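**Student:** Just the structure for this:
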Amino acid sequence: MVDEINEYEVGPEEQTDRPDYLSLIEQVCLRFHSMARQLRSRHAKRPTLEIDDEYDVQDLLHAAFKLHFDDIRAEEWTPSYAGGSSRVDFLLKQERIVVEVKKTRSSMSMSDLGAQILIDIARYERHPDCGLLVCFIYDPEGRIGNPVGLERDLESHSGKLKVRVIVGPKGH
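**Tutor:** Next up, the predicted model:
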């Protein structure tokens, strides 16, 4: 009987066979700009998806996530924070990961961007299905002068929620 229990017990070697979901998300986000550029050069000058705003980023990112995740919940409501609630861009419920998308633009200052993400962090700390918050900031024009510094600053909050910030692309 002990042998049967040991046979079905999950050991450390089996646990490492599980996908590293954070690495998958990081890879998709870090290659996002390449994917967006590739869409611009279509055969016979066919129409393409232009990445003009956050909704365009969300649409393409959602399609890329479909390659790796079965249950992607878009536009789920978050718990109320400071008198208001908002919608989660993507909830990977089984993995307990929320992905929030931002796109830089000329009318958004870096302090506004940072403040938005800090509010997101505070909001998602209260979300029952969020164990990890991934913030993907798409910066195709290179408006963020120090993307690594911004990532580190926003990831170093003192709360209990694990946060990963990914700015892409990083260099022009």
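
**Student:** give the contact list for the residue nearest the centre of the chain.
**Tutor:** Nearest residue to the geometric centre of the chain (C-alpha atoms, centre = their mean): residue 99, 3.5 Å. Going by C-beta atoms under 8 Å, 6 or more residues apart in numbering, residue 99 touches 25, 61, 65, 89-90, 92, 134-136. For every residue, glycine as well, the C-beta is placed using N, CA and C.

**Student:** ok, now residue 36?
**Tutor:** 51, 60, 140.

**Student:** In helices, which of the contacts of residue 99 appear?
**Tutor:** Using DSSP state H, the subset of the contacts of residue 99 located in helices is 25, 61, 65.

**Student:** before we move on, the earlier item: turn the contacts of residue 36 into TSV, including pLDDT, distance to residue 122 and neighbour count.
**Tutor:** Below are these laid out as TSV (pLDDT from 0 to 100; distance: C-beta to C-beta, whole Å; neighbours: other C-beta atoms under 10 Å):
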residue	pLDDT	distance to residue 122	neighbour count
51	93	28	21
60	95	28	18
140	96	28	16
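
**Student:** Make a markdown table from these and add distance to residue 166 to it.
**Tutor:** As requested, those are arranged in a markdown table below (distance: C-beta to C-beta, whole Å):
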| residue | distance to residue 166 |
| --- | --- |
| 51 | 16 |
| 60 | 15 |
| 140 | 14 |
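
**Student:** ok, of the residues you listed, which one's closest to residue 40?
**Tutor:** For those, the residue nearest residue 40 by C-beta to C-beta is residue 51; the value is 9.0 Å.

**Student:** Good, we can wrap up now.
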